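Asks: okay, predicted coordinates and the sequence, questions at the end:
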Number of protein chains: 2
Amino acid sequence: MKLTIHRGTFIQELQTVQRAIAAKTTINILTGVKIDLSHQGLTLTGSNAEISIESFLSVENEQAQMKIEEVGSIVLQARFFSEIIRRLPEDEFTLEVIEQNQVEITSGKANFTVNGLDADNYPHLPVIDTQNQIQIPVHVLNKLISETVFSVSQHESRPILTGVHFVLSNQTLLAVATDSHRLSQRKIPLENTNDAFDIVIPGKSLTELSRSLTDEEEVITIRIMDNQVLFETKTMKFYSRLLEGAYPDTNRLIPTNFNTVIEFEGKEFLSAIDRASLLSHEGRNNIVRLHIASDGVILYGNSPEIGKVEESLNYNHVSGEPLDISFNPDYMKAALRAFGDTTIKIQFISAIRPFILEPSEGQGEFVQLITPVRTN
Amino acid sequence: MKLTIHRGTFIQELQTVQRAIAAKTTINILTGVKIDLSHQGLTLTGSNAEISIESFLSVENEQAQMKIEEVGSIVLQARFFSEIIRRLPEDEFTLEVIEQNQVEITSGKANFTVNGLDADNYPHLPVIDTQNQIQIPVHVLNKLISETVFSVSQHESRPILTGVHFVLSNQTLLAVATDSHRLSQRKIPLENTNDAFDIVIPGKSLTELSRSLTDEEEVITIRIMDNQVLFETKTMKFYSRLLEGAYPDTNRLIPTNFNTVIEFEGKEFLSAIDRASLLSHEGRNNIVRLHIASDGVILYGNSPEIGKVEESLNYNHVSGEPLDISFNPDYMKAALRAFGDTTIKIQFISAIRPFILEPSEGQGEFVQLITPVRTN
């Protein structure tokens, strides 16, 4: 293998696959990046137990200025290799496998010789059939992920809850995440498919995927197999394992009849919750209290050691019964951040029943649910 | 005490004194910021065992928009107080001591009540006499610190070496730091003084001082007492304790006769050292080797596990005997960074004797010394 290539372009490719490479792992070869050079171009691969990323740079990419002298492949320790490439003196560099998996990296007068590993020993990526597949714009997928993934469980006690549940049926894609204290649910219409699937994708995979997808205008293809999902763009293949087991039926959790309804400007309410949480974080229970009455709405936070805060809130509209309800402000903050700068509606049954948040203009396509904390 | 003030201006003041406030300390009141309001303005104080910072905001400062309704003082837990102020909804806020050291913080509809401490219990700052004092522009002092402080020892085994030695005599200020493996020395002329002193200031204090001094054009006054030094600007007093004990005589350490001299562009040499250190960091000894001969200069780095690097270096000029010398690349990197983008001269005696770096145009006013590593 011998290749001369533009350094900046190569670094971008390497960064993409490095998301999948763990610094430490029991499988030594997986700390490496697989470099595969054909006459069509350069393929880089990184992988760990959860995800694998394959990135392709075509020989026709003008920015890359590739000069392919000999095709071949090698695996190089990813962290070092990346740090070496970043520090090379010139705008381009040459990579050559010399003998016994040794690689020479040359740029200007700097000459590195590093030990590589045989690419034949690198694990094969799964082969994905193309029966179940959908296409969706990157910006839609990224939004779907950011609106739900924060609600996955961080605990391995119920592994299935560490993933986001995706269900495709009746031309609608449903995504749900819950850690059993709160729940996020988003539905989007997908008119150009008659497929159906029901899978659970690890939350961490989705977060990494979202970071890898920078071109918001591109369309991504999602292909599904028994235990793997592949997200594919023109230049990248992103594989994730799926979580096994039955996801709980969450549909029955979302209430439909309410006794108190209030409408806030999301951003303003978020600022107030943020202030109140400063003190609740120091308390034993980390709760804030919302008091809703016809003559005013007040938010309380307190910590016996530090002090207390009380803020009379602006709201657009309130109706129904008066209510005093306590909840974890961090759940509320995460939910409000997912809505962004919009008007939101919060609907309550009572102080001890879960309540839901929706955009005021919403038709049930995006709902957040939070379980309150009983204080007596 | 009751004060209304512009929030942004207050946050800046608070940031300055917070540099001196430790999050955890055995003296509880020192986790607080002392707030002292007089008819002249607002004084904030922060302190730890090493340094104390006092910042003054005049009532005449227009940006601060101060409305002083009642003078007085209080101590508030610094971290919380700062987080509360940052999150307040409006551009200004009101601070009022209500009763039993309780403080009410009001901005818009948000109302915090926090527990404070009696300001009478806050330690008194040292009284500094004005016998020994010099004045020097901030940009000169900041440069002096950045050129020397990185060479102080990080180990408490010889506490005196954790400080920078400052000696004023014959209208010259000398600053020296050494960790016994390397040494940095800078001299500056001070023509408007006939004073003399010999003190050792903790390196950490100097680093914090440097971060606090943002107005490079200002002139700072340095006042010295037996065990304290005060750096004073118009709006800030920065106190540091001095280190006790005799600083070693470093003058005799700097050699004056050499057998090999080489001249590099500092920035280019730094890049090469940085590349070579990538591999040396993985080796057992963390050393790189410099080979100087009349027909070329080569830098070597290697790690048995990862690989090796070899780079033929550009240089402006070389003279004297050929040499093979090994050294810690991190010491070299720190020294080269202190010189910045300039031409530097490195002078050697032999592979086992300390060598020195100077700007090519230098007259001995700025010298860095590095002890090589014996490899056989």
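Replies: Structure's in. What do you need?
Asks: give me the three-state assignment for A:Ala338.
Replies: Reduced to three states with DSSP: H, G, I helix; E, B strand; the rest coil, the structure at A:Ala338 is helix.
Asks: can you pull the contacts of it?
Replies: A:Ser146, A:Glu147, A:Thr148, A:Phe150, A:Ser184, A:Gln368 (Cβ atoms under 8 Å, 6 or more residues apart in numbering or on different chains). Heads up, the C-betas are built off the backbone N, CA and C, glycines and all.
Asks: please apply the same query to A:Ala78.
Replies: Under the criterion of Cβ under 8 Å, 6+ apart, the contact list for A:Ala78 reads A:Leu14, A:Gln18, A:Ile21, A:Thr31, A:Gly32, A:Val33, A:Gly46.
Asks: thought the first one was touching A:Ser82?
Replies: Yes - shown here, A:Leu14 and A:Ser82 form a contact pair, counting by Cβ atoms under 8 Å, at 5.5 Å.
Asks: which one of the two has more residues nearby?
Replies: Of the pair A:Leu14 and A:Ser82, A:Leu14 is the one with more neighbours under other Cβ atoms under 10 Å in any protein chain shown, namely 21 against 18.
Asks: using the three-state scheme, assign the more buried one.
Replies: Here A:Leu14 takes the helix state, with states given by three-state DSSP.
Asks: OK, contacts around it?
Replies: For A:Leu14, counting by Cβ under 8 Å, 6+ apart, the contacting residues are A:Val33, A:Leu44, A:Ala78, A:Phe81, A:Ser82, A:Ile85.
Asks: give me that answer again for 6 Å
Replies: The neighbours of A:Leu14, taking Cβ atoms under 6 Å, 6 or more residues apart in numbering or on different chains as the test, are A:Ser82.
Asks: tell me how far it lies from A:Glu83.
Replies: When Cβ to Cβ, to the nearest Å is the yardstick, A:Leu14 and A:Glu83 sit 11 Å from each other.
Asks: OK, contacts around A:Ile370?
Replies: Applying Cβ under 6 Å, 6+ apart, one finds that A:Ile370 lies in contact with A:Arg182, A:Phe327, A:Tyr331.
Asks: which positions in the stretch 101-250 of chain A make contact with chain B?
Replies: Counting by Cβ under 6 Å from any Cβ of the partner chain, the residues of the stretch 101-250 of chain A close to chain B are A:Lys109, A:Ala110, A:Asn111, A:Phe112, A:Thr113, A:Val114, A:Asn115.
Asks: list of residues touching stretch A:211-230?
Replies: Contacts made with stretch A:211-230 from outside it, assessed by Cβ under 6 Å, 6+ apart, are listed as A:16, A:19, A:126, A:128, A:130, A:132-135, A:137-139, A:141-142, A:197, A:201, A:231-233, A:239-240, A:242.
Asks: buried ones in it?
Replies: When burial is assessed from 16 or more other Cβ atoms under 10 Å in any protein chain shown, stretch A:211-230 yields the following buried residues: A:Ser212, A:Leu213, A:Ile220, A:Ile222, A:Arg223, A:Ile224, A:Met225, A:Gln228, A:Val229, A:Leu230.
Asks: so the fifth one bridges to which residues?
Replies: Yep, that's A:Arg223 we're talking about. Beta-bridge pairing of A:Arg223 under DSSP bridges involves A:Gln133, A:Leu230.
Asks: turn the residues of the stretch 101-250 of chain A next to chain B into CSV, including secondary structure, pLDDT and neighbour count.
Replies: Putting those into CSV (DSSP: H, G, I helix; E, B strand; the rest coil; pLDDT from 0 to 100; neighbours: other Cβ atoms under 10 Å in any protein chain shown) gives the following:
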residue, secondary structure, pLDDT, neighbour count
A:Lys109, coil, 96, 15
A:Ala110, strand, 97, 23
A:Asn111, strand, 97, 15
A:Phe112, strand, 97, 29
A:Thr113, strand, 96, 17
A:Val114, strand, 95, 22
A:Asn115, strand, 94, 17
